[in-house]
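Q: just need the structure, nothing else, for what follows:
(chains A and B)
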There are 2 protein chains.
Amino acid sequence: MKNFIFENPTRIIFGKDTENQVGEEVSKYGKKILLHYGGGSIKKSGLYDKVIKSLKEHNIDFVELSGVVPNPRLSLVKEGIKICKEKKIDFILAVGGGSVIDSAKAIGIGAVYDKDVWDFYSGVARVEKTIPVGVVLTIPAAGSESSSSSVITNEDGWYKRSALAIIMRPKFAILNPELTYTLPFYQTACGIADMFSHVMERYFTNEQHVDFTDELCEATFRTIIKHGRKLVENPNDYNSRAEIMLASTIAHNGLLGVGRVEDWASHGIEHELSAIYDIAHGAGLAIVFPAWMKYVYKHDIDRFAKFSKNVFGVKGYDKEEIALKGIDALKEFYNYLGLKTSLKEVNITDEHFDEMAKKATINRKLGNFVPLDTSDVYNIYVLSK
Amino acid sequence: MKNFIFENPTRIIFGKDTENQVGEEVSKYGKKILLHYGGGSIKKSGLYDKVIKSLKEHNIDFVELSGVVPNPRLSLVKEGIKICKEKKIDFILAVGGGSVIDSAKAIGIGAVYDKDVWDFYSGVARVEKTIPVGVVLTIPAAGSESSSSSVITNEDGWYKRSALAIIMRPKFAILNPELTYTLPFYQTACGIADMFSHVMERYFTNEQHVDFTDELCEATFRTIIKHGRKLVENPNDYNSRAEIMLASTIAHNGLLGVGRVEDWASHGIEHELSAIYDIAHGAGLAIVFPAWMKYVYKHDIDRFAKFSKNVFGVKGYDKEEIALKGIDALKEFYNYLGLKTSLKEVNITDEHFDEMAKKATINRKLGNFVPLDTSDVYNIYVLSK
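A: Modelled structure (predicted):
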């Protein structure tokens, strides 16, 4: 087990009707806030009205900035930063899913920085402070509600990059599983592939002595599979919605990766896809991750066989066969959720494979389990076809 | 799953040589600190010198208060409070195990309170503020390094009671598994019974829809069993020490109990034992918990059978038989660690059963899985004989 530091102060407020506590939570940090959200879905569902009511009850002034899209854009982040500076905003409330939260985090770090916020994403500057951020979560997927990272897409070149710092963890995250009932099932499914991938990025490591976190990862995988399947049958099952929402947060709160080097190649490979094609991140991961697994499993067949056995209950004598069956089982699970597991099923051709592989590996090899160069990434796109 | 709030901001600094970071961590919070510890073991091991060196490097003034004993005493807490008030202490550093940390937490809340600190333990007052506390952990057992509670023994009547508040979680906890090599193995074993019990207190619940946290609990159980056994064979195995130390923190950081009502009857029953007999808390739990299990398992045979199957791999067709075999397996595990599982093996007779049962149930039923009255507790002591 490697040395590590783990610190996650996000206050998780979980359960029915918890969105009504938002005003009280916000009032601990701010008086004049930026209310940040996506399209009209929170208005249709009634969540917007509840949030406004709670904010008003606590005499909190707010400025609204809506319009966050999946794979959130740098241009809107810059608009938010301008508002924060002009209006002296002291807190940012993100109401939505991972894109809204990532956008809010970007605004938070940009609003207290004199230069270009993209510096934090391009690696030119390190995050040292932020306007505090809080969350009312509507989509369990990205885990951004308590994570230390933010992923933003720069339209100038369609680069999708991340910034990272403990202080970027939100102050609080309000998680009411009922708020996820109204999601189109496709979005629920994409979220499930996203959270599952967050655990896999941690699980596939070269560190040998990480039994406990391996066990915790496997516990999370099994929970996501069991309740993901149940949601296909009954999307309004509160208990399954709750298990999935909690698992999503734990999948990416940092705990499952302590003491090991994580991988993150598949996320890098997918980011290039969704930067160009605007495919949902989870949908892209459902295609890319199994291809990555097929490409690298020989590097540690034991670990892949352990994954197959402990997560999908694959039985058998031949380790390699067991390993491969686990990858098939994962694809079957994704298909059961209604997700595609090949690029051709989502009408993506090989046209940009070369360009994406090059962009994913500018100045770096991708991933840690098996560090991938440009041709490796190209080959994984080919395996994803 | 029940609604819950989970908030654990303790910064976990884990791994080899991390004790040398203590000065840097303390300097974020204080300039003049109380250095709180037990007997001479930290001096013998060299830890004391390392801590002092690191504090001096960061120009931190310190006042020492040693002498914490297992089942830490109110009298020493009051001495610490007096020092803090007189010397204007702004931070308390606990170097030791759960007793030292619990004592430090009690001093922290007492030092900013005008009346008797016991008020927080007797339920007369609620904790609202504290001097911040930090930890260098030497014994993985109590989980107090990131927990929100403190247990103190009042010598006036030998009452052992707890106080609870999120702000009592330490600011940081330094966990170096190597520091645990020098523990007598008996203390390691007691620690293992303690951490295992912390998970059981959460696992045995009446809440039906808690699959994910059940999975996380079972993952923690299995890790503790696997690496507890390995430590019997090789107490200086770094990796097993690391797994046990991390499991101990997670066992009691609050995560495993979210969304459910926890039990805590066995802790209450054991507290009366160790208040009178000064038996180590973990040693007492190894005796009391299996007796509690035998007394209550019929309340939810399914859950006990699940425990047996998923934790100890018990197989069979008859649920009750499976349930009972799991309790036996737990006793075997404790015996393998060198712990006793009956009162007579530790020379405790039935002399005080009646008195202890009454004290454990003053103004309350004990526990939530099956609420126990005085005669139930008496019967469990009898089953522990």
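
Q: does the residue nearest to A:Ala173 when sequence neighbours are not counted belong to a helix, a strand or coil?
A: Distances taken as Cβ to Cβ, 6 or more residues apart in numbering or on different chains put A:Glu145 closest to A:Ala173, at 3.7 Å, once the chain neighbours are dropped. (Glycine included, C-beta is placed from N, CA and C.) Following DSSP: H, G, I helix; E, B strand; the rest coil, A:Glu145 is assigned to coil.

Q: one more: A:Thr153?
A: Strictly by three-state DSSP, A:Thr153 counts as strand.

Q: quick one: contacts for it?
A: Counting by Cβ atoms under 8 Å, 6 or more residues apart in numbering or on different chains, A:Thr153 touches A:Asn71, A:Pro72, A:Arg73, A:Leu74, A:Tyr159, A:Lys160, A:Ala275.

Q: which ChimeraX command selects the buried ones in the residues you listed?
A: Listed next is the ChimeraX selection for buried residues among these, using 16 or more other Cβ atoms under 10 Å in any protein chain shown:
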select /A:71,72,73,74,159,160,275
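
Q: A:Tyr238: which of the contacts of A:Thr153 is nearest?
A: Using Cβ to Cβ, the shortest approach to A:Tyr238 within the contacts of A:Thr153 belongs to A:Pro72, at 29.3 Å.

Q: distance of that closest one from A:Ala106?
A: A:Pro72 is 8 Å from A:Ala106, where distance means Cβ to Cβ, to the nearest Å.

Q: before we move on, what about A:Tyr381?
A: Distance, A:Tyr381 to A:Ala106, using Cβ to Cβ: 28 Å.

Q: so between those two, which is more surrounded?
A: More neighbours surround A:Ala106 than the other of A:Tyr381 and A:Ala106, with 30 against 23 (other Cβ atoms under 10 Å in any protein chain shown).

Q: doesn't that one belong to a strand?
A: No. Going by three-state DSSP, the assignment for A:Ala106 is helix, not a strand.

Q: just the pLDDT at the residue nearest to it when sequence neighbours are not counted, thanks.
A: Nearest non-adjacent residue to A:Ala106, counting by Cβ to Cβ, 6+ apart: A:Val77, 4.3 Å away. Looking at A:Val77, its pLDDT is 98.

Q: what does A:Ala357 give?
A: pLDDT recorded at A:Ala357 is 97.

Q: what is the burial count for A:Ser197?
A: A:Ser197: 25 neighbours (other Cβ under 10 Å).

Q: could you report the distance from it to A:Lys331?
A: Distance, A:Ser197 to A:Lys331, using Cβ to Cβ: 13 Å.

Q: tell me the residues of chain A that contact chain B?
A: Within reach of chain B by Cβ under 8 Å from any Cβ of the partner chain, chain A has these residues: A:1-18, A:209, A:211-213, A:215-216, A:218-220, A:222-223, A:226-227, A:239, A:242-243, A:246-247, A:250, A:255, A:258-259.

Q: those residues in strands, which ones?
A: Residues of the residues of chain A next to chain B located in strands (DSSP state E): A:Phe4, A:Ile5, A:Phe6, A:Glu7, A:Asn8, A:Pro9, A:Thr10, A:Arg11, A:Ile12, A:Ile13, A:Phe14.

Q: so which strand or helix has the closest residue to A:Leu383 other than its chain neighbours?
A: Of all residues beyond its chain neighbours, the one nearest A:Leu383 is A:Ala291 (3.9 Å), with distances taken as Cβ to Cβ, 6+ apart. Per DSSP states H and E: A:Ala291 is located in helix A:281-296.

Q: for that helix, which helices and strands make contact with it?
A: helix A:185-203, helix A:265-277, helix A:319-336, helix A:374-383 (3 or more Cβ pairs under 8 Å, 6 or more residues apart in numbering or on different chains; DSSP states H and E).

Q: my guess is the residue nearest to A:Ala106 is in a strand, correct?
A: No. Using three-state DSSP, the assignment for A:Val77 is helix, not a strand.

Q: what number of residues lie near it?
A: Counted with other Cβ under 10 Å, residues neighbouring A:Val77 total 30.

Q: find the centremost residue of chain A, please.
A: In chain A, the centroid-proximal residue (Cα atoms, centre = their mean) is A:Ala142; its distance is 2.2 Å.

Q: which residues are in contact with that residue?
A: A:Ala142 makes contact with A:Gly97, A:Gly98, A:Ser99, A:Ile101, A:Asp102, A:Gly191, A:Asp194, A:Ser248, A:His252, A:His281 under the criterion Cβ under 8 Å, 6+ apart.

Q: how about 10 Å then?
A: A:97-102, A:149-151, A:191, A:194-195, A:198, A:248, A:251-252, A:281-282 (Cβ atoms under 10 Å, 6 or more residues apart in numbering or on different chains).

Q: helix/strand/coil for it?
A: Quick answer, by three-state DSSP: A:Ala142 is coil.

Q: from B:Ala173, how far off is it?
A: Distance check for A:Ala142 against B:Ala173: by Cβ to Cβ, it reads 29 Å.

Q: about what we covered before: measure the residue nearest to the centre of chain A to A:Gly96 for me?
A: A:Ala142 is 10 Å from A:Gly96, where distance means Cβ to Cβ.

Q: A:Lys88 now?
A: The value you get for A:Lys88 to A:Gly96, if Cβ to Cβ is used, is 24 Å.

Q: can you check A:Phe14 too?
A: A:Phe14 sits 17 Å away from A:Gly96, going by Cβ to Cβ.

Q: same deal with A:Ser66?
A: According to Cβ to Cβ, A:Ser66 stands 9 Å off from A:Gly96.

Q: any shared contact partners between these two?
A: Residues touching both A:Ser66 and A:Gly96 (Cβ under 10 Å, 6+ apart) are A:His36, A:Tyr37, A:Gly38, A:Gly39, A:Ile42.

Q: for chain A, which helix is longest?
A: Secondary structure of chain A per DSSP state H: the longest helix is helix A:211-233.
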